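J.: fold the following, please.
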Amino acid sequence: MMIIIAIGFLALRPGIGNVLRSAEKRTAIRQLVGLLTSARTDAVAKGRLVRVMHDSAAGVFWAEAQVAPAFDRSEFGVLRLLGREQVRLPEWLILTDLVIAGQSTGDRVSDPIYFDPDGHADGAILCLLDANGRELAVKVAPATGRVTVSV
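T.: Numbering: from 1, shown residues only. Alright, predicted model coming up:
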């Protein structure tokens, strides 16, 4: 009886791994979309410039907002959105390119995506590659700041 259970487990193991990885991918994409959407919402609601920063080598995204836009427009502080300060992609979900305002940023980590208080954004496409070689894109519309995902 134990041998049958062990054989059954070994047969199902690859499938279970794929299901778990797929769920982890969906969660990571939802968190990234949530961060971008919340950054836009915060910019509009509080009337300040918000930017989403990234470190592509670490797979980390975070938002920063102007601290006191009436006094110093260049000072930004980390913005806690959705109960966290940053979103980390799983190590097997890789940011292959980030296009901001029509220009590829390459491996520069300092190029942020800006969300204006009037709802506009720079416009961005985050190109991601998963462990199975599937590509997907997270897009930020320039006119509205709306975030969409295309597979």
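J.: those helices in this protein, which residues are they?
T.: Taking DSSP state H as the test, the helices found in the chain are 2-46.
J.: low pLDDT regions in it?
T.: Applying pLDDT under 70 to the chain flags the ranges 1-2, 4-21, 73, 107-110.
J.: count the residues that sit near residue 141.
T.: As a burial measure, residue 141 scores 14 neighbours (other C-beta atoms under 10 Å). To be clear about C-beta, it is placed using only N, CA and C from the backbone, and glycine gets the same treatment.
J.: please disregard the earlier target; I meant residue 131.
T.: For residue 131, using other C-beta under 10 Å, the count is 13.
J.: how close does it get to residue 96?
T.: Residue 131 is 13 Å from residue 96, where distance means C-beta to C-beta, to the nearest Å.
J.: with residue 88 instead?
T.: Counting by C-beta to C-beta, the gap from residue 88 to residue 96 is 17 Å.
J.: more neighbours, those two?
T.: For residue 88 and residue 96, the more surrounded residue by other C-beta under 10 Å is residue 88, and the numbers stand at 16 against 11.
J.: show me what that one is bridged to.
T.: Following DSSP bridges, residue 88 is listed with bridge partners residue 60.
J.: does it touch residue 62 like I think?
T.: No: applying C-beta atoms under 8 Å, one finds residue 88 not in contact with residue 62, separated by 9.6 Å.
J.: before we move on, the earlier item: so what sits against both of residue 131 and residue 96?
T.: With C-beta atoms under 8 Å, 6 or more residues apart in numbering applied, the contact sets of residue 131 and residue 96 do not overlap.
J.: so what's residue 75 up against?
T.: Residue 75 touches 66-68, counting by C-beta under 8 Å, 6+ apart.
J.: find the nearest non-adjacent residue to residue 53, please.
T.: Closest residue in space to residue 53, ignoring its immediate chain neighbours: residue 112 at 5.0 Å, by C-beta to C-beta, 6 or more residues apart in numbering.
J.: sweet, I'm off.
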